[in-house]
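Peer 1: below are the sequence and a predicted model for it; my questions follow.
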Amino acid sequence: MKKLLAIGLSLIMCLSFCACNDSVGDENSKDDTNTETTSKTYTYRVRAMQGVENCTYYGPDADVPNSPDPEAARNKVHIWTKCTTCGDSGERYHISIPVSELDFSKGDTIQYTDTDSCWDCKWEKQLQSFMWAVEITRVSEE
């Protein structure tokens, strides 16, 4: 039994060594493909979906209206949400999301969602928070 166990462990070690050895590339081999490293420039389109009163993206050179600090507003998606049951009297919430924090690994269009509270509502409908959503599309500028 010990001999069989020793042979099994030796086989596993040998296979794991071979598997690790295959994943290491040949450092002396030359890569004949010439790849240029260029950084792409993107602009972003934002579309309100649910619980969003207004949304926009300010690019790196955009004019930012009514802002005491335009630089702080650039390269961000800005979202103004509003509780759906508040009517015109409800508080509007502002969220700024830097585009560097958005994950476009699964495609050029994503849905971004979050929740906000309905603190300034009349609470008639027992609603304490609401979900909001936007669609953000990344467009390459070539």
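Peer 2: Good, I have the coordinates. Numbers count the residues shown, from 1 in each chain.
Peer 1: for this structure, longest strand please?
Peer 2: Criterion DSSP state E: the longest strand present in the chain is strand 129-141.
Peer 1: packing partners of it?
Peer 2: If contacts are counted by 3 or more C-beta pairs under 8 Å, 6 or more residues apart in numbering; DSSP states H and E, strand 129-141 sits against strand 41-50, strand 52-58, strand 76-82, strand 109-117. For every residue, glycine as well, the C-beta is placed using N, CA and C.
Peer 1: could you list the low-confidence segments of this structure?
Peer 2: Scanning the chain for pLDDT under 70 picks out 1-38, 87-91, 119-127.
Peer 1: before we move on, back to that, hey, C-alpha coordinates of the longest strand of the chain in PDB?
Peer 2: Extracted in PDB, the C-alpha atoms of strand 129-141 (Å, rounded to 0.1, in the frame of the first residue of the first chain):
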ATOM      1  CA  SER A 129     -34.700  54.200  -0.900                       C
ATOM      2  CA  PHE A 130     -34.900  53.700  -4.700                       C
ATOM      3  CA  MET A 131     -32.700  52.100  -7.400                       C
ATOM      4  CA  TRP A 132     -31.400  54.200 -10.300                       C
ATOM      5  CA  ALA A 133     -29.700  53.100 -13.500                       C
ATOM      6  CA  VAL A 134     -27.800  54.600 -16.400                       C
ATOM      7  CA  GLU A 135     -26.300  53.100 -19.600                       C
ATOM      8  CA  ILE A 136     -22.800  54.200 -20.400                       C
ATOM      9  CA  THR A 137     -21.300  53.600 -23.900                       C
ATOM     10  CA  ARG A 138     -17.700  54.000 -24.600                       C
ATOM     11  CA  VAL A 139     -17.000  55.400 -28.100                       C
ATOM     12  CA  SER A 140     -13.400  55.200 -29.500                       C
ATOM     13  CA  GLU A 141     -12.200  58.400 -31.200                       C
END
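Peer 1: great, nothing more from me.
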